[in-house]
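> Sharing a model that was predicted from the sequence below.
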Amino acid sequence: MGDHLSKASRGGFIASRIDQQDGVAVLLMLMAACGHLGLPREEFETASISFEVYDDISLHCGERSHVVSVKTSPMDKAALAGEFSRLKSLESLESPRLILAIVGAQTKDSVSLRRSLEEIQSVSAAPGGVSAVEEWAQLNPGFPDPLTCSVMHFPERDTQEFLAQAVRLMRRLVPLMQYTDTVAEVIVDGMLDACGRLRRKRGTIEVRELFRPLSELAVPAVFAFGSVDGYVKTRYGYLRDSERRGREREEALRVVAARKKAMGRYRRATRGFRLRAMVFGPIRCISCGGPLMANMYGYSGRGIACSHCGFNPYCTILAACNNGHPNLVVAQPEIDQVSLMLRLAECANMKCDQCGATFAPEILMMRVFQLNIPWPPESFSERSLIAAREEVGLHGAGGIGPERLISEFPAGSDSGS
């Protein structure tokens, strides 16, 4: 009988313990995306995550840093204080938020500390909060500032509890999808594999890259009006689901009605622009210098565009209400799938700005459509197109070229930068 305390016998246990970091990282990213860590969406979209660089896991969002220590063994109060003291002593980062992630079994001390920290953090901003924080520090010597540390409990990876928690977070983040067991496992396994590869390399990656497995499935589903699951499988083959097809036709008609209303508003608001373009000549494209006269001077649903290079200054995503009214989902959306996924998730259960009806997530999925027009169209002015050319130094014919437009004026940069 071998020595079960030898390094060889403990190898599998150690490997399993280290693998738990991947599970914590996945759930932590989903929590952060859902707003559980108090990070603004704009910061989270540009966040990065590191493995075994500063500690087990490090999350960087703008000027904020979260350092995470993953523990798989039960911890008493003394061990908890010692681990927080160790994290506090790290000098690699300035004023990081400290998170102690405990996987598996929870002790009475860890549960009590987690609740105590949550309570003191919730009352810190209230009147008398400063004195409450000071009192907490006196009662808990050896711990760092309670406003900078947290205890979080996580289920073990590769368990049903872990998958269920991940699915709950994904449903909150992207409620527009149907999460079958197979879909959930594919998404979670993809995120776990990405974390494992990074951990072994002690690497750093943008959080948006870890969300690719989710966004690649979520974003196409939002625009899938002719869904492949519009069939019923029988013993001998596949039959069209006539009831589902009927619902899809009804939803498609609502989208058509909303498109017509949106385009009617747009055409009325831009009638003067088209007349001036036909009489005095069209405004020139900022990229190639060609005329912005494609699509009959922007009359069609493809909107204002350059007839030479296809440059289009506007894009709007709208949702159709039961009454055919078009509601703004997002104007000038990011093309990146993760950013678009997060923005669409925010619009679940949005209300119609005309009648107040609520868009249920499963309804919103079939009501979303895109038009390459400004929104609201009444705010459009060709002066904005002229001003854009002036900001980049164009005062006559010609354009700055696509390479310069992409490299010097990326999305999110300040005007005139």
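Yes, it's here. Residues are numbered from 1 along each chain as shown.
> so how many other residues sit close to residue 214?
27 (other CB atoms under 10 Å). Yep, even glycine has a C-beta here, placed from its N, CA and C like the rest.
> hang on, I meant residue 349
12.
> Let me know whether it touches residue 358 as I believe.
Yes: with contacts counted by CB atoms under 8 Å, residue 349 reaches residue 358, the gap being 5.7 Å.
> Low-confidence ranges, the stretch 51-200 of the chain, go.
Residue ranges of the stretch 51-200 of the chain with pLDDT under 70: 91-95, 175-181.
> Can you show me the helices along it?
Secondary structure of the stretch 51-200 of the chain (DSSP state H, counting those that start in this stretch): helices located at 77-88, 108-123, 129-139, 160-173, 181-201.
> Can you name every helix or strand that the first one contacts?
What that stands for is helix 77-88. For helix 77-88, the packing partners by 3 or more CB pairs under 8 Å, 6 or more residues apart in numbering; DSSP states H and E come out as strand 64-71, strand 97-103, helix 108-123, strand 149-154.
> Contacts for it next, please.
Contacts to helix 77-88, defined as CB atoms under 8 Å, 6 or more residues apart in numbering, come from residues 55, 67, 69, 71, 75, 98, 100, 109-110, 113, 140, 142-144, 149, 151.
> can you check the third one too?
Outside of helix 129-139, the residues within contact range by CB under 8 Å, 6+ apart are 116, 120, 123, 124, 143, 145, 146, 147.
> and if we set it to 10 Å?
Helix 129-139 is touched from outside by 116-117, 119-124, 126, 128, 143-147, with contacts defined as CB atoms under 10 Å, 6 or more residues apart in numbering.
> now swap in stretch 271-284 and tell me
So stretch 271-284 is contacted by 267, 270, 290-294, 296-299, 304, 306-308, 313, 380-383, 385-386, 388-389, 394, 396-399 (CB under 10 Å, 6+ apart).
> Generate a ChimeraX selection restricted to the buried entries among these.
Only the buried members of the contacts of stretch 271-284 end up in this ChimeraX selection, burial being decided by 16 or more other CB atoms under 10 Å:
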select :270,290,291,292,293,294,297,298,304,306,307,308,313,380,382,385,388,389,394,399
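> Between residue 349 and residue 358, which contacts overlap?
Common contacts of residue 349 and residue 358 (CB under 10 Å, 6+ apart): residue 364.
> hang on, the earlier thing: which ones among the contacts of stretch 271-284 are found in strands?
With DSSP state E as the criterion, strands contain none of the contacts of stretch 271-284.
> Among the contacts of stretch 271-284, name the ones in helices.
267, 294, 296, 297, 298, 382, 383, 385, 386, 388, 389 (DSSP state H).
> export the residues you listed to a markdown table and tack on distance to residue 38?
Below are the ones in helices among the contacts of stretch 271-284 laid out as a markdown table (distance: CB to CB, whole Å):
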| residue | distance to residue 38 |
| --- | --- |
| 267 | 44 |
| 294 | 45 |
| 296 | 49 |
| 297 | 47 |
| 298 | 43 |
| 382 | 42 |
| 383 | 40 |
| 385 | 39 |
| 386 | 42 |
| 388 | 36 |
| 389 | 41 |
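> Ok, which of the helices of the stretch 51-200 of the chain comes nearest residue 319?
When these are compared by CB to CB, helix 160-173 sits nearest residue 319, at 18.5 Å.
> Taking strand 149-154 as reference, get the angle to that closest one.
Comparing the axes of helix 160-173 and strand 149-154 via axes from the mean of the first three to the mean of the last three CA atoms, to 10 degrees yields an angle of 110 degrees.
> Which elements pack onto helix 160-173?
helix 7-33, strand 149-154, helix 181-201, helix 212-222, helix 337-346 (3 or more CB pairs under 10 Å, 6 or more residues apart in numbering; DSSP states H and E).
> domain parsing for the protein?
The chain breaks down by automatic domain parsing into domains covering 8-221, 269-408.
> Any idea which of those domains gets closest to residue 255?
Smallest distance to residue 255 across the domains of the chain (CB to CB): 4.7 Å, for domain 269-408.
> gap between that closest one and the chain center?
On the basis of CA atoms, centre = their mean, to the nearest Å, domain 269-408 sits 22 Å off its chain's mean C-alpha point.
> do the same with stretch 84-93
Distance, centroid of stretch 84-93 to centroid of chain: 30 Å (CA atoms, centre = their mean).
> next one: stretch 255-273
Taking mean C-alpha positions (CA atoms, centre = their mean), stretch 255-273 and its chain are 30 Å apart.
> just the helices and strands packed on helix 77-88: most buried one?
Highest mean neighbour count of the helices and strands packed on helix 77-88: strand 97-103, a mean of 22 (counted as mean count of other CB atoms under 10 Å).
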